[in-house]
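Generate coordinates for the sequence data below:
(one chain, ligands or ions: 3)
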Amino acid sequence: MYDLLIRGGNVVGEEGVTVADLGVEDGRIVEVAPELGGPAREELDARGLHVFPGVVDVHVHFNEPGRTDWEGIATGSRALVAGGGTVFADMPLNSTPPVLDRETFEAKRQAAERESYTDFALWGGLTPRNMDRLGELAEAGVIGFKAFMSHSGLAEFESPDDYTLYEGMCQARDLGRIVALHAESDSLTSGLAARIRAEGGRGVRDYLRSRPAIAEVEAVTRALLLAGETGARLHLVHLSTGRAVALAMEARSRGVDVSVETCPHYLCFTGEDMERLGAVLKCAPPLRDRAEVDALWEAVRAGSIHTIGSDHSPSAPGLKERDDFFEVWGGIGGVQSTLAALLTEGRTRGVTLPHIARLLARAPAERFGLTGKGTLEPGADADLVLVDLEAEWVHTRGDLHTRWKYSPYLGRTFRGRVRRTLLRGQTVYLDGTFPHPPQGRFLAPSPAAPVPQEVTP
Ligand SMILES: NC(=O)N[C@H]1NC(=O)NC1=O
Ligand SMILES: [Zn+2]
Ligand SMILES: [Zn+2]
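Ligands and ions are numbered 1, 2, ... in the order given. This next block holds a predicted model:
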């Protein structure tokens, strides 16, 4: 007897989409096949809907403890399940204190165990002040170490210089953990910003000019050199340029263990949109031009981008309301819209449904050793999302479950709507409601997380 049978959905598997039933027992998928026999304690009719693996968003900033007035784990993870997510990995900043040792790690883990609607993993920081704490963070169970090559925007999360990054990569390699880098050159971005501001620049275009593509390309080049030299595993977050992706692919062909992330906003918006919409689209690296957006989509189709994360990093609204664009908080509210954005834009750009599922679920779960997540294969956790693929809807403020109701996607027409999200077989989201209290569990990475698969489109 199954606990749950999900009947007749279009199951988005790794190779293609097939109409099948899913049998669930003890929170796990035990069988996927057409017309499974019963009995089952509960049946769900999924005919006409698509069944995707739950989104595994390994790049969010829920900012708890310490900055829950910007976002929190309860609100952030509710928004995530409403958007079809079942796992997040939280960045070590902008919570205060940031996650730099065992104590700060445990504080965040406990908060998330109380409040998270999804299962979760945690990142630790790699900064000049916690180089002697990476071992205890690995032991506590971080999926990797995050460092900024440019200023993080927060004084308590400093950037390592090249020497510190080199030493950190050696340690991460020995600890079997991935290093995730925000790759923009601090020297170039700070230098340009100082000159542009001295000339009186305060606007969106001035901000864009202060963080040109070369700042990313230079930092990525240096990061790849250091990773190649040290043998560290590297994850380049939020790449925004085709050139940087190409450099990473070239390094991979030489044996560097590097994976590449981009975010929906680099695929859906341009610098012109940033000029039009302003603070809601401020982010770093900044948005680029149409040609760069096209290059990123080409990289997605070619399989050169492995994961897509939201980089959800909102602030309280006050920090978004500054006349000087350089002083506006940089960070996008996007945790709820990753799947909808990909289903809408990705499909028009020729990205298949199994490929979307791979980018949003399977690849991040595999890369970070989150065993049993990101797939609909028997044995995996029954983390899945039922989507009405042809539903067209306009995203409005009332849809948002985040702490603050802003998003650059408001007013956009999406095609594909999340109806229901299940975590370990239990419905955690159903058409705007959350039927169960938070029950998220901590996920430690499996000791031997695999190297990223060679991805073919
Ligand atoms: N501190 C922080 O969350 N920064 C993020 N925001 C953003 O736009 N890029 C980032 O790295
Ligand atoms: Zn970043
Ligand atoms: Zn981030």
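
Skipping adjacent residues, who's closest to whatever residue of the stretch 1-150 of the chain ends up closest to ligand 1 in space?
Nearest residue of the stretch 1-150 of the chain to ligand 1 (CB to the nearest ligand atom) works out as H61 at 4.6 Å. For the C-beta atoms, the positions are set from N, CA and C on the backbone; glycine is no exception. Spatial nearest neighbour of H61, chain neighbours left out: S313 (4.1 Å); criterion: CB to CB, 6 or more residues apart in numbering.

measure that neighbour to ligand 1 for me?
4 Å (CB to the nearest ligand atom, to the nearest Å).

That residue: neighbouring residues, count only.
If you count neighbours by other CB atoms under 10 Å, S313 ends up with 25.

For it, give me its contacts.
V60, H61, M91, N94, C283, G330, G331, I332 (CB atoms under 8 Å, 6 or more residues apart in numbering).

Need the max-distance pair from those.
V60 and G330 (15.3 Å; CB to CB).

Between the two, which has more neighbouring residues?
Neighbour totals were compared for V60 and G330, and V60 leads with 26 against 20 (other CB under 10 Å).

Check what pLDDT that one gets.
With respect to pLDDT, V60 has a value of 99.

Do I have it right that it meets D90?
Yes: with contact defined as CB atoms under 8 Å, V60 and D90 form a contacting pair (5.8 Å).

what comes up buried for stretch 10-28?
10-13, 17, 20-25, 27-28 (16 or more other CB atoms under 10 Å).

how close does P92 sit to H61?
Distance of P92 to H61, given as CB to CB, to the nearest Å: 9 Å.

do T86 as well
19 Å.

Just give the number of residues close to E250.
As a burial measure, E250 scores 11 neighbours (other CB under 10 Å).

Assumed it was part of a strand.
No: with DSSP: H, G, I helix; E, B strand; the rest coil as the criterion, E250 is located in helix rather than a strand.

who touches it in this structure?
No contacts exist for E250 under CB under 8 Å, 6+ apart.

quick one: pLDDT of it?
98.

Could you do D26 as well?
So D26 comes in at 98 (pLDDT).

and it, what does it touch?
Taking CB under 8 Å, 6+ apart, one finds D3, G425 in contact with D26.

Show me how the record splits this protein into domains.
4-51+378-430, 54-367 (automatic domain parsing).

just the ones you listed: most buried one?
domain 54-367 (a mean of 21; mean count of other CB atoms under 10 Å).

now do the same end-to-end measure for stretch 90-104.
13 Å (CA to CA, to the nearest Å).

That stretch close to ligand 1?
Yes: Stretch 90-104 lies within reach of ligand 1 by CB under 6 Å from any ligand atom, at L93, N94.

from here on, count from 13
Done: numbering now begins at 13, and the last item shifts to stretch 102-116.

could you point out which element follows the strand or helix carrying T98?
Element membership for T98, per DSSP states H and E: strand 97-102. Moving toward the C-terminus from strand 97-102, the next helix or strand (DSSP H and E) is helix 114-127.

Can you read off the pLDDT for the spatially most central residue of the chain?
What sits nearest the mean C-alpha location of the chain, by CA atoms, centre = their mean, is G321, with 2.2 Å. Here the pLDDT value assigned to G321 is 98.

got the contact list for it?
Contacts of G321 (CB under 8 Å, 6+ apart): D69, V70, H71, V72, V249, H250, E273, C275, T350, P376.

how about a cut-off of 6 Å?
By CB atoms under 6 Å, 6 or more residues apart in numbering, the residues touching G321 are D69, V70, H71, E273.

of all those, which two lie farthest apart?
Longest span within those, CB to CB: D69 and E273, 10.5 Å.

picking up where we left off before, of the contacts of G321, list those near ligand 1.
Of the contacts of G321, not one also sits near ligand 1 (CB under 6 Å from any ligand atom).

Can you add secondary structure and distance to A403 and give those back as TSV?
Below are the contacts of G321 laid out as TSV (DSSP: H, G, I helix; E, B strand; the rest coil; distance: CB to CB, whole Å):
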residue	secondary structure	distance to A403
D69	strand	22
V70	strand	27
H71	strand	27
E273	strand	28
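
sorry, back to before: which of the buried residues of stretch 22-40 lies closest to R334?
V24 (42.2 Å).

Just to check, the closest one is in contact with G66?
No: contact criterion CB atoms under 6 Å: V24 and G66 do not qualify, at 11.6 Å.

Tell me the bridge partners for V67.
Assessed by DSSP bridges, V67 has beta-bridge partners G97.

So it versus A394, what's the distance?
For V67 relative to A394 (CB to CB), the value is 15 Å.

go on, L259?
Taking CB to CB, one finds L259 at 39 Å from A394.

can you check L434 too?
On the measure of CB to CB, L434 and A394 end up 6 Å apart.

Repeat that for A231.
A231 is 40 Å from A394, where distance means CB to CB.
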